[in-house]
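K.L.:
have a look at this prediction, sequence included:
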Amino acid sequence: MQNLILFTSKDRDTLLKLRKGESKFGEHIQLISNLTNIYDDIKSLDVDYVIFGISEDIGVYANYGKTGTYKAWEATVKVLLNIQNNSFTNPKRVLILGHLNYGEARKMVKEKQSKKNIAKAKSFVEEIDKDVTYLVSTIVKAGKTPIIIGGGHNNAYGNIKGLSLAKNETVNVINFDAHTDFRAEEGRHSGNGFSYTYAEGFLKNYFIFGLHENYTSDKLLKTLNKVKAIKYNTYEALEVKNELDYNLELDRGLNHISSKPFGIEIDCDAIENIPSSAATPSGFSVKQARQFVHYFAKHENASYLHICEAAPTSKTETKVGKLITYLITDFIRTNGR
Ligand SMILES: N=CN[C@@H](CCC(=O)O)C(=O)O
């Protein structure tokens, strides 16, 4: 795992802001100081959740999106470590593994999006896919639940494939997203993680929650309406036209995906005013995103959480880090109880 940078006790101590009389989340998390065999190392730890980041925006670049998603991991870990340790947050059950780093390859995202560069980026996304697939499948095989902090939504590919390989069956997904990410198989990028895993036989049932009608092509709508394994609702039907009820749609979503192990995908571009690769002034509230995670995390077949596409700047990193931390802790609080 040459791209995996372990999160060390030194990293933790640098980021921890201690307060007299308080006990912080980061003081109680588990770490791996040395990798010998990643499967054995993870399996032997008495934790339920393994959190890792994917510091990349190459998939977003390859999809002509706004880059910067590589910064979400750092923004998250800075906040997560400094929330309180208490009976609600339970950090002893959490391993912070580290992050996948693509510092050298990432240099390409500063280049013009020429045909040649896009082709190069697409082929590099396949390398990232291999790392993510391997990590997710190893964590699941070791009996733990991965929490993945992206990165672009291209990483849904490795999550789905990794879960499917670990379980040795096709798996389902619920995706809180303004976009289908079911674009053509035209080389890997952030807009086709679900179409590729569906075509390759890893993804079975797929539910997209809150599609934006302005950003879904007619061609894609025809595909969605034709394929029985795919169900969706739109943000407009839920929140603008009030044709659908949010809670009833949560039930419909769960009904479509819960018969098998399933992943929960949260694309931050579905949440209003969050700095992300396709940020929107019109979208779900943070409260709705949190309720969504809480609702699906409760189910025994909830098998991973992926939060992606957030692209913080130095001005917005605390806001993004807090948002992602709320979603992580909502998942941990509810899952397995
Ligand atoms: N993961 C995001 N995918 C979107 C991006 C849209 C955009 O950049 O505007 C998509 O391919 O549609």
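P.N.:
Structure's in. What do you need? Residues are numbered from 1 along each chain as shown.
K.L.:
of all residues in the stretch 51-200 of the chain, which one is closest to the ligand?
P.N.:
Gly191 (2.6 Å; C-beta to the nearest ligand atom). All C-beta atoms are positioned from the backbone trio N, CA, C, and that covers glycine.
K.L.:
tell me who's in contact with that residue.
P.N.:
Asn63, His153, His179, Asp181, Arg183 (C-beta atoms under 8 Å, 6 or more residues apart in numbering).
K.L.:
so what's Phe262 closest to, chain neighbours aside?
P.N.:
Asn172 (4.1 Å; C-beta to C-beta, 6 or more residues apart in numbering).
K.L.:
which SSE is the one you found in?
P.N.:
According to DSSP states H and E, Asn172 maps onto strand 171-176.
K.L.:
which helices and strands does that strand pack with?
P.N.:
Counting contacts by 3 or more C-beta pairs under 8 Å, 6 or more residues apart in numbering; DSSP states H and E, strand 171-176 packs against helix 156-167, strand 203-211, helix 246-257, strand 262-267, helix 286-297.
K.L.:
which one of the ones you listed is the most hemmed in?
P.N.:
Using mean count of other C-beta atoms under 10 Å, the stretch among the helices and strands packed on strand 171-176 with the largest mean neighbour count is strand 262-267, at a mean of 28.
K.L.:
and that one with helix 286-297, angle?
P.N.:
170 degrees (axes from the mean of the first three to the mean of the last three C-alpha atoms, to 10 degrees).
K.L.:
among the helices and strands packed on strand 171-176, which comes closest to Arg19?
P.N.:
helix 286-297 (25.2 Å; C-beta to C-beta).
K.L.:
output the contacting helices and strands for the closest one.
P.N.:
So helix 286-297, by 3+ C-beta pairs under 8 Å, 6+ apart, packs with strand 171-176, helix 246-257, strand 262-267, strand 302-308, helix 317-334.
K.L.:
give me the mean pLDDT for it.
P.N.:
Per-residue pLDDT values over helix 286-297 give a mean of 98.
K.L.:
7 is where my numbering starts, stick with that
P.N.:
Sure, I'll start numbering at 7, so the last one becomes helix 292-303.
K.L.:
how far does it sit from its chain's centre?
P.N.:
How far helix 292-303 lies from its chain's middle: 14 Å, per C-alpha atoms, centre = their mean, to the nearest Å.
K.L.:
quick one: residues in contact with it.
P.N.:
180, 182, 215, 252, 256, 259-260, 268, 270, 272, 276-277, 280, 290, 308, 311, 329, 332-333, 336-337, 339-341.
K.L.:
nearest to the ligand, out of the helices and strands packed on strand 177-182?
P.N.:
The ligand lies closest, by C-beta to the nearest ligand atom, to one member of the helices and strands packed on strand 177-182: strand 268-273, at 6.2 Å.
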